[in-house]
Every structure is written in C-alpha cells, then in structure tokens.
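K.L.:
Provide a 3D model corresponding to the input given below.
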Amino acid sequence: MPRDEKELEQLSLLGNQGTKYDFGYTPEVLETFDNKHPERDYIVTLDCPEFTSLCPKTGQPDFGHIVIRYIPRQRMVESKSLKLYLFSFRNHGDFHEDCVNIILKDLVALMDPRYIEVVGNFNPRGGISIIPFANYGDDDHQDMVRARLLANFA
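P.N.:
Modelled structure (predicted):
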C-alpha cells in the first residue's frame, strides 16, 4: 500500500528545492518516517562512500566510506536527512573512531532500532587505514551484537 500525503508531511527535506547545507555538526537535521513492516526483522543498508571529516589536531580532511546497517523497529531514517547529517561532519573535527560512535549514538536515539551497526573505512593517512566498527542491539539482538563484533576481528 503506497504512503499517503499525511504520512509524507513530516518529511521536510525530501523534495525541498531550498535545502540549506549546514557546515557544522547538525544532528537535528535527521528525520524519520514510519516503518510499514515492524512485525518482521529485515535489514536496511545505507552506504556513504564519500564521507569527510576533519582531523581534530591538524584540521586536515579525512575521507572515508561509511556503511550503516540496521533492523528497524517503528521509525526509519529518511535518506536525504541522513545525507545532510553526514555532510555536516565535513567541518567537524573528530577522530575516525569518534565519528563512527557519534553516528551510531545519534541514530539509536533517533530511531530506537532493534539492531544497528556503523562501519567507517577511512582512507590511509601516513600509510595506515583506520576501520572502526560500532554496533548496538536491543535485548533480543544481543547475540547478533556479539557475533557481528567478533566477526569484525576477522
């Protein structure tokens, strides 16, 4: 069944030609919509191959590939708002590990998913790539939390 206009009213960014691009960390830009299939577990993957943030010490840009996977409960993140949110890290100075954990915490607070994981595959700096992984799961998904965490040691 297609979404009706009332359901779409809450999405202020999608289709908006006057989108404002903030150049500072802005979690308040995130928007959600109703999950029409909350009775089942299924995975949503969001892929951002052009993530950029700044080194908090040098101010130099860091480039990475962020992948977010989650099992929704009642609310789902709207993709344009996620794009704007991730874009807001462009001038945000934080270490790679911090960026990944901030993204995870913000999305958990926003959606209350059953399970979520965020992986950052950052381009090498000084010959070293950093690939932080962070995840969260509700009480019913703790086995998945542990399994996915251990799988990322492989």
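K.L.:
which stretches of the protein form helices?
P.N.:
5-8, 79-87, 96-111, 142-151 (DSSP state H).
K.L.:
Rebuild those helices as TSV, extending it with mean neighbour count.
P.N.:
Any C-beta I mention is one placed from the backbone N, CA and C, and that applies to glycine too. Putting the helices of the chain into TSV (neighbours: other Cβ atoms under 10 Å) gives the following:
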stretch	mean neighbour count
helix 5-8	9
helix 79-87	19
helix 96-111	18
helix 142-151	12
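K.L.:
Give me the spatial nearest neighbour of residue 149, chain neighbours excluded.
P.N.:
residue 135 (6.2 Å; Cβ to Cβ, 6 or more residues apart in numbering).
K.L.:
Report the beta-bridge partners for the one you found.
P.N.:
residue 117 (DSSP bridges).
K.L.:
Kindly report the same for residue 69.
P.N.:
What pairs with residue 69, by the bridge criterion (DSSP bridges), is residue 45, residue 117.
K.L.:
What is the lowest-mean-pLDDT helix or strand in the chain packed up against?
P.N.:
The least trusted helix or strand in the chain, going by mean pLDDT, DSSP states H and E, turns out to be helix 5-8, with a mean of 70. If contacts are counted by 3 or more Cβ pairs under 8 Å, 6 or more residues apart in numbering; DSSP states H and E, helix 5-8 sits against strand 32-34.
K.L.:
Please identify the buried residues of the strand it packs on?
P.N.:
32, 33 (16 or more other Cβ atoms under 10 Å).
K.L.:
any chance of the helices of the chain in JSON lines, plus distance to residue 38?
P.N.:
Listed next are the helices of the chain as JSON lines, based on distance: least, Cβ to Cβ, whole Å:
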{"stretch": "helix 5-8", "distance to residue 38": "14"}
{"stretch": "helix 79-87", "distance to residue 38": "19"}
{"stretch": "helix 96-111", "distance to residue 38": "12"}
{"stretch": "helix 142-151", "distance to residue 38": "18"}
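K.L.:
Out of the ones you listed, flag the one nearest residue 72.
P.N.:
Within the helices of the chain, the stretch nearest residue 72 is helix 96-111; the backing value is 6.6 Å (Cβ to Cβ).
K.L.:
number of nearby residues for the closest residue to residue 112 other than its chain neighbours?
P.N.:
Excluding its sequence neighbours, the residue lying closest to residue 112 (Cβ to Cβ, 6+ apart) is residue 73, at 5.5 Å. If you count neighbours by other Cβ atoms under 10 Å, residue 73 ends up with 15.
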